[in-house]
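A.B. asks: output the structure for:
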Amino acid sequence: MKRREFLSTTMAIAGVGVATRSMHASTGTLEVLLDEPIGTIAPELHGHFTEHIGEVVYNGIWVGEDSSIPNVGGIRKALVDRMRQLRAPVIRWPGGCFADSYNWRDGVGPRAQRPVRTNFWNNTPQLASAPAGPQKYDPNAFGTPEFLRFCRLCGSQPYLAANVRSLAPLDFDAWVEYCNSPAGSTTLAQMRTGDGSRDPYNVIYWGIGNESWGCGGNFRPEEYAVEFRRFTAWVPDYGQKLRLIASGPGADENDPQVSWTRGFLENLVGKSTHLFDRVFGFSLHYYCGGGGANDSVKYTTNEWYQLLWRADLMDSLLSQHWTAMGDYDKQRKIKLVVDEWGAWHQSPILGPAYVLSYVPSLRDALVTALTLDIFNRHAEKLAMCNVAQLINNLNALFLSMEDRFVTTPVFHVFEMYKAHQGGTSLRMNCHAPGISYGEGKRLWGLAGSASLHGKHLVVTVVNSHVTEVNEAEVSLRGAMATSAQVTVLSDADIHAHNDFDNPIAVAPRAEPAAISGTRFSWSFQPASVTKLEIELV
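C.D. replies: Numbers count the residues shown, from 1 in each chain. Have a look, this model is predicted:
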């Protein structure tokens, strides 16, 4: 079967249990408290993540300079164009678990002379039927200079993950030297010039390991604290204030793993409280699975609600870990970094060379929106967040196959939410009838976030109910609306998704809005993400 035929067969999914829209509406209230600021929504909270897994890098980002696919120096042009449209703030690379086996020196120097290495993910059962291509044996054609050029093309900051499991602190120091040392100053600076950049890249975000509790070394927290101290003891900074990010826990719905947070910080502060000055961020990973058949486009109404419930756990996870951090970091020098998050389903697989790939649906769009709203509401606690992953893997914004390229509903949520970036997060109270589902389970009806940009107010709201409109009264405390623009992402079919044959099946639409005063009503459509951009006096 040809790859395109495989994709068409895989993605031709009929609607399963399509919810019928109800004619009646529930009633809710939204109160935006303009006199209760939370903190600045750093653009980095809307960041991204890429890894050498499946077809994220090869075929996704990198197509090669000789490809017939439109590219900019080997990088897929359609992807660059969309990333600039998003104002994508930061991109994490090279992993993920791939980073724990990666030697950065393999990906520098003349491309034709770079070694071919076995990819970390080669043993993945999904690759058993794949050809012996770059997904199994990485040619290192896409290395540090290519990734940093990709970031520059996108207008994004790079965030590099150092290998703590299998390399030494000196290797990390050398990577910083390659990226940041002054032009012509060292042998590695001269190598960087040969790779296309005489001037330093001035990379400031550095992860000290990845998932050090698992694939990153199977450390105990007290052991990782020792490694963190070793790797950060005397890193050359070349005039840059490096922002070093410690590897935190991987939480799940049954265990928030606060013990890792406490164990690491206790052993860090046990040496010296001054070591808090080295930790810019403390990472947290959390994925929500679909449950049931764990399929991205086939699910029941109960499975719709259950995934949103699992995604909503992010709210309590942030609060729990922030509280634990405060028991040690009294001055709040360290911020949380959620550098892997998103939905995680098992199927459908796009093709034999893809790993952990599926077609994100409207349900995944709502997962994305409610998570970004949570980040906005916790803006004072967070320094960066990175959705997993950018393209062809997990909660992807983009899908590609050969010359075909499509944006997913997740992309549209990020495009809607970019309006929050740089604003002041405001307290917002949401009250709406809860939703009962399954056996005694409940989920909220409305949730969202608000940000202020001078006299411009941005409000985003998720209505999780699959059938009911929510007629909500919106109250602005401390300001008056004069006009508004409204954008809605929804569909009559809760399983709706974009694919290569129907690339715009799910897309946001503008809604007419006659909004003024301190109070107004708005009908939030079923299974929807809504953005209200309100001008104030």
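A.B. asks: for Lys330, see how far away the nearest residue to Lys381 once chain neighbours are set aside is.
C.D. replies: Leaving out its chain neighbours, the residue that sits closest to Lys381 by CB to CB, 6 or more residues apart in numbering is Trp322, at 4.8 Å. The C-beta positions use only the backbone N, C-alpha and C, and glycine is treated the same way. When CB to CB, to the nearest Å is the yardstick, Trp322 and Lys330 sit 13 Å from each other.
A.B. asks: out of those two, which sits in the busier spot?
C.D. replies: Under the criterion of other CB atoms under 10 Å, the comparison of Trp322 against Lys330 puts Trp322 first, with 21 against 10.
A.B. asks: backbone phi and psi for the more buried one, please?
C.D. replies: Dihedral angles phi and psi of Trp322 (degrees, to the nearest 10) take the values phi -60, psi -40.
A.B. asks: now do the same contact list for it.
C.D. replies: Trp322 makes contact with Leu336, His378, Lys381 under the criterion CB atoms under 8 Å, 6 or more residues apart in numbering.
A.B. asks: now, of the residues you listed, which are buried?
C.D. replies: If you count burial by 16 or more other CB atoms under 10 Å, the buried members of the contacts of Trp322 come out as Leu336, His378, Lys381.
A.B. asks: does the second one touch Leu317 like I think?
C.D. replies: Read it as His378. No - proximity of His378 to Leu317 does not meet the contact threshold set by CB atoms under 8 Å, at 10.0 Å.
A.B. asks: just the helices in the stretch 1-150 of the chain please.
C.D. replies: For the stretch 1-150 of the chain, helices defined by DSSP state H, counting those that start in this stretch occupy the ranges 3-11, 77-86, 144-154.
A.B. asks: CSV for the ones you listed, including mean pLDDT, distance to Ser197 and mean neighbour count?
C.D. replies: As requested, those are exported to CSV (pLDDT from 0 to 100; distance: least, CB to CB, whole Å; neighbours: other CB atoms under 10 Å):
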stretch, mean pLDDT, distance to Ser197, mean neighbour count
helix 3-11, 36, 35, 15
helix 77-86, 98, 17, 18
helix 144-154, 98, 7, 21
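A.B. asks: figure out which of these is closest to Arg198.
C.D. replies: helix 144-154 (11.8 Å; CB to CB).
A.B. asks: about what we covered before: got the helices of the stretch 1-150 of the chain as JSON lines, with distance to Asp252 columns?
C.D. replies: What follows is the helices of the stretch 1-150 of the chain, written out as JSON lines (distance: least, CB to CB, whole Å):
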{"stretch": "helix 3-11", "distance to Asp252": "28"}
{"stretch": "helix 77-86", "distance to Asp252": "29"}
{"stretch": "helix 144-154", "distance to Asp252": "30"}
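A.B. asks: what's the closest of these to Phe228?
C.D. replies: When the helices of the stretch 1-150 of the chain are compared for distance to Phe228 using CB to CB, the nearest one is helix 144-154, at 22.3 Å.
A.B. asks: then that closest one to CSV, C-alphas only?
C.D. replies: This file holds the C-alpha atoms of helix 144-154, laid out as CSV (Å, rounded to 0.1, in the frame of the first residue of the first chain):
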residue,chain,number,x,y,z
THR,A,144,22.4,22.2,16.3
PRO,A,145,23.0,24.7,13.5
GLU,A,146,19.9,23.5,11.6
PHE,A,147,17.7,23.7,14.7
LEU,A,148,19.0,27.1,15.6
ARG,A,149,18.4,28.3,12.1
PHE,A,150,14.9,26.9,12.2
CYS,A,151,14.3,28.9,15.4
ARG,A,152,15.6,32.1,13.8
LEU,A,153,13.4,31.6,10.8
CYS,A,154,10.4,31.1,13.1
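A.B. asks: and Leu265, what is it in contact with?
C.D. replies: By CB under 8 Å, 6+ apart, Leu265 lies in contact with Ala324, Met325, Asp327, Tyr328, Asp329.
A.B. asks: got it, and Gln85?
C.D. replies: With contacts defined as CB under 8 Å, 6+ apart, the neighbours of Gln85 are Glu415.
A.B. asks: again, but for Pro503
C.D. replies: With CB under 8 Å, 6+ apart as the criterion, the residues that contact Pro503 are Val406, Thr407.
A.B. asks: where in the stretch 301-450 of the chain is pLDDT low?
C.D. replies: In the prediction, the stretch 301-450 of the chain carries residues with pLDDT under 70 at positions 347-348.
A.B. asks: just the helices in it please.
C.D. replies: 301-326, 362-377, 409-417.
A.B. asks: how big is the angle separating the shortest one from helix 362-377?
C.D. replies: Put simply, helix 409-417 runs at 30 degrees to helix 362-377, going by axes from the mean of the first three to the mean of the last three CA atoms, to 10 degrees.
A.B. asks: make residue 1 into 886 and carry on from there
C.D. replies: I'll keep to 886 as the first residue from here, and by that count the last item is helix 1294-1302.
A.B. asks: other SSEs contacting helix 1294-1302?
C.D. replies: Here helix 1294-1302 touches helix 962-971, helix 1247-1262, strand 1366-1374, strand 1413-1421, going by 3 or more CB pairs under 8 Å, 6 or more residues apart in numbering; DSSP states H and E.
A.B. asks: cutoff 6 Å now
C.D. replies: On a contact count with 3 or more CB pairs under 6 Å, 6 or more residues apart in numbering; DSSP states H and E, helix 1294-1302 meets helix 1247-1262.
A.B. asks: quick one: the helix it packs on to helix 1186-1211, angle?
C.D. replies: Computed with the same axes, to 10 degrees, the direction of helix 1247-1262 lies at 20 degrees from that of helix 1186-1211.
A.B. asks: so how far is helix 1247-1262 off the chain centroid?
C.D. replies: The chain centroid and the centroid of helix 1247-1262 are separated by 11 Å, computed with CA atoms, centre = their mean, to the nearest Å.
A.B. asks: helix/strand/coil for Glu1151?
C.D. replies: helix (DSSP: H, G, I helix; E, B strand; the rest coil).
A.B. asks: could you find the closest non-adjacent residue to it?
C.D. replies: Tyr1213 (6.5 Å).
A.B. asks: who wins for neighbours among the contacts of Leu1150?
C.D. replies: For the contacts of Leu1150, neighbours were counted using other CB under 10 Å, and Met1210 has the most, 24 neighbours in all.
A.B. asks: now do that one against Arg1147, distance only.
C.D. replies: 9 Å.
A.B. asks: quick check on the residue nearest to Glu1151: phi, psi?
C.D. replies: Dihedral angles phi and psi of Tyr1213 (degrees, to the nearest 10) take the values phi -110, psi -40.
A.B. asks: run through the bridge partners of the residue nearest to the spatial centre of the chain.
C.D. replies: The residue lying closest to the centre of the chain (CA atoms, centre = their mean) is Val1272, at 1.0 Å. Val1272 forms beta bridges with His933, Trp1226, as assigned by DSSP bridges.
A.B. asks: residue contacts, it?
C.D. replies: Neighbour list for Val1272: His933, Gly1227, Asn1280 [criterion: CB atoms under 6 Å, 6 or more residues apart in numbering].
A.B. asks: for the chain, what's the longest strand?
C.D. replies: The residue-count maximum for a strand in the chain (DSSP state E) belongs to strand 910-925.
A.B. asks: partners of it, with directions?
C.D. replies: Per DSSP bridges, strand 910-925 is paired in its sheet with strand 1309-1316 (antiparallel), strand 1354-1362 (parallel).
A.B. asks: would CSV of those with distance to Gln1370 and mean neighbour count be doable?
C.D. replies: Formatted as CSV, the entries for the strands paired with strand 910-925 read as follows, by distance: least, CB to CB, whole Å; neighbours: other CB atoms under 10 Å:
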stretch, distance to Gln1370, mean neighbour count
strand 1309-1316, 18, 19
strand 1354-1362, 15, 19
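A.B. asks: make TSV out of those strands and add distance to Ser1406.
C.D. replies: Compiled in TSV, these are given as follows (distance: least, CB to CB, whole Å):
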stretch	distance to Ser1406
strand 1309-1316	14
strand 1354-1362	5
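A.B. asks: would you mind measuring from Gly1174 to Asn1048?
C.D. replies: If you measure Gly1174 against Asn1048 using CB to CB, the figure is 28 Å.
A.B. asks: comparing the two, which residue is more hemmed in?
C.D. replies: Neighbours of Gly1174 and Asn1048, each counted by other CB under 10 Å, are more numerous for Asn1048; the result is 23 against 15.
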